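Undergrad: I need the structure of the sequence given here:
(one chain, ligands or ions: 1)
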Amino acid sequence: RQRGGAHAFKAFDPTLNQALVPDFYEADEEQIDAACRLAAAAFIPYSQRDLAVRARFLRQIGENIAALGDELIERAMQETALPRARIEGERGRTIGQLNLFADVVEQGAFQGAIIEPALPDRRPLPRPDLRQRQVALGPVAVFGASNFPLAFSVAGGDTASALAAGCPVVVKAHPAHPGTSELVARAISQAVLQSELPAGVFSMLHGTSVQSGSALVQHPAICAVGFTGSRQGGLALLQQAQQRPRPVPLYAEMSSINPMLLLPGALQQRAEKLAQGFIDSLTLGCGQFCTNPGVVLACEGEDFDRFVQHASNALRLKPSATMLTPAIADACEQHTAVLSALAGVERLANGQEKQGPNQGQPHLFTASARDFIQEPRMQNEVFGPVSLLVRCADQEEMFAALQALQGQLTITLHLEQQDQRLAASLLPLLEQRAGRILANGFPTGVDVGYAMVHGGPFPATSDSRTTSVGATAIQRFLRPVCYQDLPNALLPQSVQN
Ligand code: NAP
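TA: All right, here's what the predicted structure looks like:
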C-alpha cells in the first residue's frame with residue numbers, strides 16, 4: 001500500500017536485465033509496527049481456535065495459491081529466471097507442504113502430550129498430577145528466500161510450520177520477487193478472511209534495505225524468526241535477535257557445501273555414471289540450491305582420474321544460465337575468483353561462456369586434501385554451479401578431511417557392498433557434521449515428509465537441533481508447558497483425562 005513518501009521500488013527481470021512494472025512500496029516503521037501489533041493481538045484468539053479450523057485454514061491457503069493459476073507462474077518466472085517446470089514443481093511442493101502441516105495439526109501429536117497421574121501415596125513425598133504439552137511461541141517473523149520464490153518464501157515452509165504451530169506470521173518478502181510475494185500474500189489474506197480468523201494472523205511487508213528486516217526482528221511482539229539466505233545476513237540477524245531486551249530464537253538456514261564422498265568400490269564400478277550425475281546435480285537451477293554439491297572427496301588413483309575426466313567433459317557441455325538476481329550473479333563470480341586464487345586450487349574445467357546478462361558459468365576446481373584441511377576458505381559456499389574435487393592420498397587422509405569439515409545440510413556417500421565397512425566407520429563422524437546423510441543419490445531435491453531433516457550444525461544453520469523442512473519443523477515454534485494439579489475441566493483438551 002502506498003503511503004506518503006514511502007520508498008518505491010520495482011521487481012527486476014534478470015533475463016531481460018530490466019525493471020518490471022508495477023511499483024512496490026517498502027514498509028515504513030509505522031507499518032512494521034502495525035503488522036507486529038496486529039499479530040500480537042491475533043495470537044491468543046488464533047492459537048486457541050479449534051485445530052480443525054487451523055487445518056482447514058492451511059488447506060485453504062493451498063487452494064487459493066492453486067487458484068492464482070498461470071499469473072503466479074509467469075510472474076515468478078519473470079522475476080527469478082527459473083523455468084516453468086521448476087516453478088510449477090515448486091508450487092506443487094508449496095501446496096503439498098501446507099497440506100502436510102494440515103495433517104500434522106489434525107493428528108495432534110505435535111502437541112507432545114505427556115500425562116503423569118498423581119501418586120498421592122508415594123513416599124517420602126506424594127507426586128502431583130503432571131501434564132505437559134507444547135504451546136505456540138507467539139508471532140513469528142519469516143524472511144522469504146531468494147532462491148525458492150514459493151517453497152521457501154511467503155507461504156513456504158517457515159510460514160506453514162509457524163501457522164500450524166498456532167503462531168501468527170509477519171513475512172518480510174524477498175525484494176528479488178515482490179510480485180510473486182504479493183500474489184501469494186493475497187492468497188493467504190483471503191484464506192484468513194474465509195476462515196474468519198483475526199486479520200493479524202498474517203501480514204507481509206516489502207523491504208529492500210536491511211533496516212526493515214532489522215526492525216522486524218527487533219520488534220517486541222516478535223517471538224521467533226525463520227530465515228533462509230546468506231551466512232552474513234543470518235548471522236547479523238541472529239545477533240540482533242539475541243541482543244534484544246528480550247532475546248528470541250532465530251532459526252537461520254545459511255550456507256552448506258554438501259560434500260559427496262566417493263568410496264573406492266563405487267568409484268571403481270561407476271566412475272563415469274557418478275561423474276554425469278554429479279555434474280547434472282551441480283548445474284541444476286544454475287547451482288542455486290542450498291543443497292548444491294560444492295565439494296567432492298575421493299582417494300586418488302586411476303578410478304578417480306576417470307571420474308575427474310568425465311566430470312570435466314560433462315561440465316564443458318553445460319551452458320551458463322541466468323541467475324536469480326544481478327547481485328547473486330556478481331557474488332557467484334567474485335566468490336569463484338576468490339576460490340580459484342587460493343593456494344593449492346587448480347582449475348579443471350569451465351562450462352560454456354556466458355551468453356547474456358546476469359549469468360553464472362559452471363566451474364570445476366581441484367585441490368589436495370592436505371591443502372583443503374589447511375585452508376578453511378576452501379569451504380566457503382560459492383552460491384552457483386561451482387565445485388571443488390578434493391584428492392585424498394588415502395582413507396586416513398579422507399577421514400582427516402572429514403574431521404576438518406564444517407557443519408553441513410547434507411553429506412552423500414557413494415558406495416558399493418565392498419565399501420560398507422569403511423562407510424560404517426565414517427558414519428559416526430558424518431552424523432556429527434550433517435543433518436541428512438544420503439547413500440548413492442544426489443543432495444539436490446529435498447522430499448517434504450515426516451522424517452526429513454533440512455538442517456545441520458553451523459554454518460549450515462544457526463541451530464542444529466531443528467529442521468526447516470518437513471513435519472518436525474513445527475517444533476521450532478513451540479515450547480513446553482507443564483500443568484500441575486489442574487482440575488480436568490480446566491486442562492487443554494490434549495492433556496485431559
Ligand atoms: P541475503 O542477503 O541473506 O538476504 C535474505 C534476506 O535477509 C533479505 O530479505 C535481506 O533483506 C535480509 N537481510 C540480509 N542481511 C540482513 C541484515 N544484516 N539485516 C537485516 N536484514 C537482512 O540472501 P539473498 O539475497 O538471498 O542472497 C545473497 C547471497 O545469499 C547469495 O549470493 C548466496 O550466497 C546466499 N544464499 C544462500 C542460500 C542457501 O540456501 N544457502 C539461499 C539464498 C542465498 P534485503 O535484501 O532487503 O537487504
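Undergrad: from here on, contacts and neighbour counts on C-alpha atoms
TA: Will do.
Undergrad: residue in the stretch 251-400 of the chain nearest to the ligand?
TA: When scored by Cα to the nearest ligand atom, the stretch 251-400 of the chain has Cys290 as its residue closest to the ligand, at 3.5 Å.
Undergrad: with the stretch 51-200 of the chain instead?
TA: Closest point on the stretch 51-200 of the chain to the ligand, by Cα to the nearest ligand atom, is Ser146, at 4.1 Å.
Undergrad: helix, strand or coil for that residue?
TA: Three-state call for Ser146 (DSSP: H, G, I helix; E, B strand; the rest coil): coil.
Undergrad: my read is Phe458 is in a strand, agree?
TA: No - counting by three-state DSSP, Phe458 is not part of a strand but coil.
Undergrad: correct me if wrong: it contacts Gln406.
TA: Yes - with contact defined as Cα atoms under 8 Å, Phe458 reaches Gln406; the gap is 7.1 Å.
Undergrad: need the helices for the chain, in chain order.
TA: Counting by DSSP state H, the chain has these helices, from start to end: 29-48, 51-67, 69-80, 84-107, 157-165, 178-194, 210-218, 231-243, 264-283, 302-316, 326-341, 369-374, 395-404, 420-433.
Undergrad: most packed of those helices?
TA: helix 157-165 (a mean of 29; mean count of other Cα atoms under 10 Å).
Undergrad: which residues are in contact with the closest residue in space to Val495 that isn't next to it in sequence?
TA: The shortest distance from Val495 to any non-neighbouring residue, by Cα to Cα, 6 or more residues apart in numbering, is to Ala113 (5.8 Å). By Cα atoms under 8 Å, 6 or more residues apart in numbering, Ala113 lies in contact with Arg131, Gln132, Arg133, Gln134, Ser494, Val495.
Undergrad: can you get me the start-to-end distance on stretch 113-126?
TA: One end of stretch 113-126 sits 22 Å from the other (Cα to Cα, to the nearest Å).
Undergrad: and what of stretch 252-262?
TA: Using Cα to Cα, the two ends of stretch 252-262 sit 30 Å apart.
Undergrad: likewise for stretch 212-232?
TA: End-to-end for stretch 212-232, by Cα to Cα: 16 Å.
Undergrad: give me the pLDDT for Gly5.
TA: You'll see Gly5 listed with a pLDDT of 65.
Undergrad: and for the one 5 residues further on?
TA: On pLDDT, Lys10 comes in at 98.
Undergrad: now the one 3 residues further on
TA: The predicted local distance difference test score for Asp13 is 98.
Undergrad: now swap in Arg1 and tell me
TA: The model's pLDDT for Arg1 equals 50.
Undergrad: for Leu197, same thing?
TA: At Leu197, pLDDT is 98.
Undergrad: so what's Arg59 up against?
TA: Contacts of Arg59 (Cα under 8 Å, 6+ apart): Ile95, Leu98, Asn99, Ala102.
Undergrad: equivalent analysis for Thr472, please.
TA: Tyr450, Ala451, Thr466.
Undergrad: my guess is the second one meets Ser468, correct?
TA: So the one you mean is Ala451. No - the criterion here is Cα under 8 Å, and Ala451 misses it with Ser468 at 11.9 Å.
Undergrad: and this protein, which residues reach the ligand?
TA: Neighbours of the ligand within the chain, by Cα under 6 Å from any ligand atom: 143, 145-147, 174-175, 207-211, 213-214, 228-230, 233, 236-237, 254-255, 289-290, 328, 331, 383.
Undergrad: and if we set it to 5 Å?
TA: Residues of the chain found near the ligand (Cα under 5 Å from any ligand atom) are 146, 174, 207-210, 213-214, 229-230, 233, 236, 254-255, 290, 328, 383.
Undergrad: residues touching stretch 425-438, excluding its own?
TA: 399, 402-403, 405-413, 452-457, 464.
Undergrad: filter the residues you listed down to the ones in strands?
TA: Judged by DSSP state E, the contacts of stretch 425-438 include Gln408, Leu409, Thr410, Ile411, Thr412, Leu413 as members of strands.
Undergrad: in this structure the last one contacts Asn258, no?
TA: It refers to Leu413. No - in this structure Leu413 lies outside contact range of Asn258 using Cα under 8 Å: 10.8 Å.
Undergrad: which one of these two is surrounded by more residues?
TA: Asn258 (28 against 23; other Cα atoms under 10 Å).
Undergrad: what sits against that one?
TA: Thr291, Asn292, Pro293, Gly294, Val295, Gln408, Leu409, Thr410, Ile411, Thr412, Pro443 are the contacts of Asn258 under Cα under 8 Å, 6+ apart.
Undergrad: which pLDDT value belongs to the residue nearest to Val495?
TA: 98.
Undergrad: got the phi and psi for it?
TA: Phi and psi for Ala113, reported as degrees, to the nearest 10, are phi -70, psi 130.
Undergrad: likewise for the one 4 residues further on?
TA: Recorded main-chain torsions at Pro117 are phi -60, psi 160, according to degrees, to the nearest 10.
Undergrad: that one contacts Tyr483, doesn't it?
TA: No - using Cα under 8 Å, Pro117 is not in contact with Tyr483, being 11.3 Å away.
Undergrad: of the two, who's got more company?
TA: Higher neighbour count among Pro117 and Tyr483: Tyr483, with 17 against 14, using other Cα under 10 Å.
Undergrad: okay, the more buried one and Val338: tell me how far apart.
TA: For Tyr483, the distance to Val338 (Cα to Cα) stands at 56 Å.
Undergrad: ok, Glu88 next?
TA: Glu88 is 35 Å from Val338, by Cα to Cα.
Undergrad: likewise Ile87?
TA: Counting by Cα to Cα - Ile87 and Val338 are separated by 32 Å.
Undergrad: what do you get for Pro14?
TA: 24 Å.
Undergrad: do the same with Gly234
TA: 22 Å.
Undergrad: same check, this time on Asp28
TA: Asp28 is 37 Å from Val338, by Cα to Cα.
Undergrad: ok, Arg56 next?
TA: For Arg56, the distance to Val338 equals 50 Å [Cα to Cα].
Undergrad: ok, now Pro149?
TA: 28 Å.
Undergrad: now Arg75
TA: 34 Å.
Undergrad: before we move on, back to that, drop anything exposed from the contacts of stretch 425-438.
TA: Using 16 or more other Cα atoms under 10 Å as the burial test, the contacts of stretch 425-438 include 399, 402, 405-413, 452-457, 464 as buried.
Undergrad: Ala451 and Ser468: who's more crowded?
TA: Ranked by neighbour count (other Cα under 10 Å), Ala451 and Ser468 place Ser468 first, with 26 against 11.
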